[in-house]
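> Got a sequence here, can you build the structure:
(chains A and B, ligands or ions: 2)
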Amino acid sequence: MDIESILKDLEQLPPFPTVVAQALTLLDSPDSSAMDVVKVVQYDQAITANVLKVCNSAYFGLPGKVSSLREAVIRLGNKQLKEIILTGTVVKYYKNAMEGYALSKHDLWKHAISTAIISRIISKRFPGVDEGAVFTAGLLHDVGKTILDSVVDEYFNQMFALVGEKGYSFTEAEQEVLGLDHAEIGARMGELWGFPKEIVHAIRFHHAPPEGDESDLVTQVVYLGNVICLMLGIGVGRQGLHVRGRDEILEQHGMDINDLQVIMAGFLDEYQKVQDIIDLG
Amino acid sequence: MDISDLKVSNNPDVTLVTYSLGSCIGLAVWDPEVRVGGMLHYMLPDSSISQEKAKANPAMFADTGIPALFKACYKLGAQKQRMIVKVAGGAQLMDESGFFNIGKRNYAALRKMFWRNKVMVAAEDIGGMVNRTIRLNIGTGELIMKVSGKGEGLL
Ligand SMILES: [Fe+2]
Ligand SMILES: [Fe+2]
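Numbers count the residues shown, from 1 in each chain, chains lettered A, B, ... in the order given. Ligands and ions are numbered 1, 2, ... in the order given. A predicted model of the protein is given here:
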């Protein structure tokens, strides 16, 4: 496997489920009713089943058991429903264990959902940021790893030499040895799936938010969500903590190490409630 | 064991495992005389962040988790003078200025506490950018550390 064949394979990437794309558009549109969403989603058994499982997790905290899509749509707000539908859909892209990154399928899914939740907590400190976009980008930020894994496995020794001896970050070693990193692959997947620009951008730059662009809040939040998730040891694998810490992002938003600690402590409460969502992985 | 977790045992067939420490610290203690051991996986140095959270889960912080670990071992008959203490974790990002370095603070909190209470550390593996998993065999007291990308060995 080399990077050319990876990019060729990418052309064959199965489309993002149309029903989900339609449902998300409906949820954004002021003219559509909740029942329109049900009509679109109900014929996809796998997604419906996952949506119900996510609904019934402690994280979303609905009293009593939600047993039908119709009920879910009635009881949840559009914002929550969007998150739930996405979570129930995206999980299938994380279904493979990854030898190259040394992550079990469980690990990367846990990392994705945890990064999404941490990012959402952080977004409270970034006035004006689109929380929905943050959650989606958090869920998808590492989806490129699922595709890049086989090449990482093959070239791991070369990459690890750069990381161990030359002070490269893991992503920089991917760029140097493979020509592309997992963030770039993930962004291309997002483009092929027709995701909004700001989400694609956040996936592309989640390890290296462009310097001097303070307006790019979604990317900065997901950057921080990802590094905090790694510091907590969730879905780390062979990448380790070979990831750059970008002090100025904290400084620009008036945050310091104590804020990081408060965010971590807050996340842990939520983390204990997402076990059933993690179990979907 | 998960993040912010504490377990003790006197069952020689038990192995306590804490996966993927990141910047958290894994503290393993064992008393060879009574073969009682325990492990703590704490996340943050200081409970002043939230007294309420420390109360609900003392294992979240060094200052509440460490005494809780020792006390839980004493209850099973362990004694402080006999206990073998080992420490792993406290990794950091690539960040020279230390803005993100919670791992270092986690370790400093432990050191301060051990200094005050005259606890000796028999072995440790701290810092760097690596991710560690540790396993404590309650029957033998062996502590095996696995570093991702580098393999495993005795600590
Ligand atoms: Fe990444
Ligand atoms: Fe990540």
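> what sits against the residue lying farthest from the centre of chain B?
Distance from the C-alpha centroid of chain B peaks at residue B:97, with 25.5 Å (C-alpha atoms, centre = their mean). Shown in contact with residue B:97 (C-beta atoms under 8 Å, 6 or more residues apart in numbering or on different chains): A:245, A:247. Backbone N, C-alpha and C define where each C-beta goes, glycine included.
> so it sits in a helix?
No: per DSSP: H, G, I helix; E, B strand; the rest coil, residue B:97 lies outside any helix segment and is coil.
> Look up phi and psi at it.
Per-residue torsions, residue B:97: phi -80, psi -10 (degrees, to the nearest 10).
> Next: residue B:123.
phi -160, psi 150.
> give the contact list for it.
By C-beta under 8 Å, 6+ apart, the contact list for residue B:123 reads B:86-87, B:143, B:155.
> Now the residue nearest the centre of chain B: closest residue in space, sequence neighbours ignored.
Closest residue to the average C-alpha location of chain B: residue B:27 at 1.5 Å, with C-alpha atoms, centre = their mean. Of all residues not flanking residue B:27 in the chain, residue B:40 sits nearest, at 4.5 Å (C-beta to C-beta, 6 or more residues apart in numbering or on different chains).
> quick one: the one you found and residue B:67 touch, right?
No: if you go by C-beta atoms under 8 Å, residue B:40 and residue B:67 don't touch, sitting 10.1 Å apart.
> More neighbours: those two, which one.
residue B:40 (29 against 13; other C-beta atoms under 10 Å in any protein chain shown).
> give me phi/psi at that one?
phi -130, psi 140.
> Now do the contacts for it.
Residue B:40 touches B:5-6, B:25-27, B:59, B:65-66, B:68-69, counting by C-beta under 8 Å, 6+ apart.
> how about a cut-off of 10 Å?
By C-beta atoms under 10 Å, 6 or more residues apart in numbering or on different chains, the contact set of residue B:40 is B:1, B:4-8, B:16, B:18, B:24-29, B:58-59, B:62, B:65-66, B:68-70, B:72, B:87, B:110.
> what's the answer for residue A:53, then?
Residues near residue A:53 by C-beta under 10 Å, 6+ apart: A:66, A:84, A:87-88, A:91, A:276-277, A:279-280.
> And the residue located most distally from the centre of chain A, which helix or strand is it part of?
Distance from the C-alpha centroid of chain A, by C-alpha atoms, centre = their mean, peaks at residue A:165 (30.1 Å). Element membership for residue A:165 (DSSP states H and E) is helix A:156-166.
> and the following helix or strand past that helix, anywhere near chain B?
Where DSSP H and E defines the elements, the next helix or strand beyond helix A:156-166 is helix A:170-178. Yes: applying C-beta under 10 Å from any C-beta of the partner chain, one finds helix A:170-178 touching chain B at A:170, A:172.
> same question, stretch A:207-215
No: using C-beta under 10 Å from any C-beta, stretch A:207-215 stays clear of chain B, coming no nearer than 10.9 Å.
> just stretch A:245-260 next, same as before
Yes: if you take C-beta under 10 Å from any C-beta as the test, stretch A:245-260 does meet chain B, through A:245-251, A:255-258, A:260.
> so how far is the first residue of that stretch from its last?
13 Å (C-alpha to C-alpha, to the nearest Å).
> ok, now stretch A:28-47?
Stretch A:28-47 end-to-end distance (C-alpha to C-alpha) = 19 Å.
> for that stretch, the distance to its chain's centre please.
23 Å (C-alpha atoms, centre = their mean, to the nearest Å).
> That one: which residues count as buried?
A:32, A:34, A:36-41, A:44, A:47 (16 or more other C-beta atoms under 10 Å in any protein chain shown).
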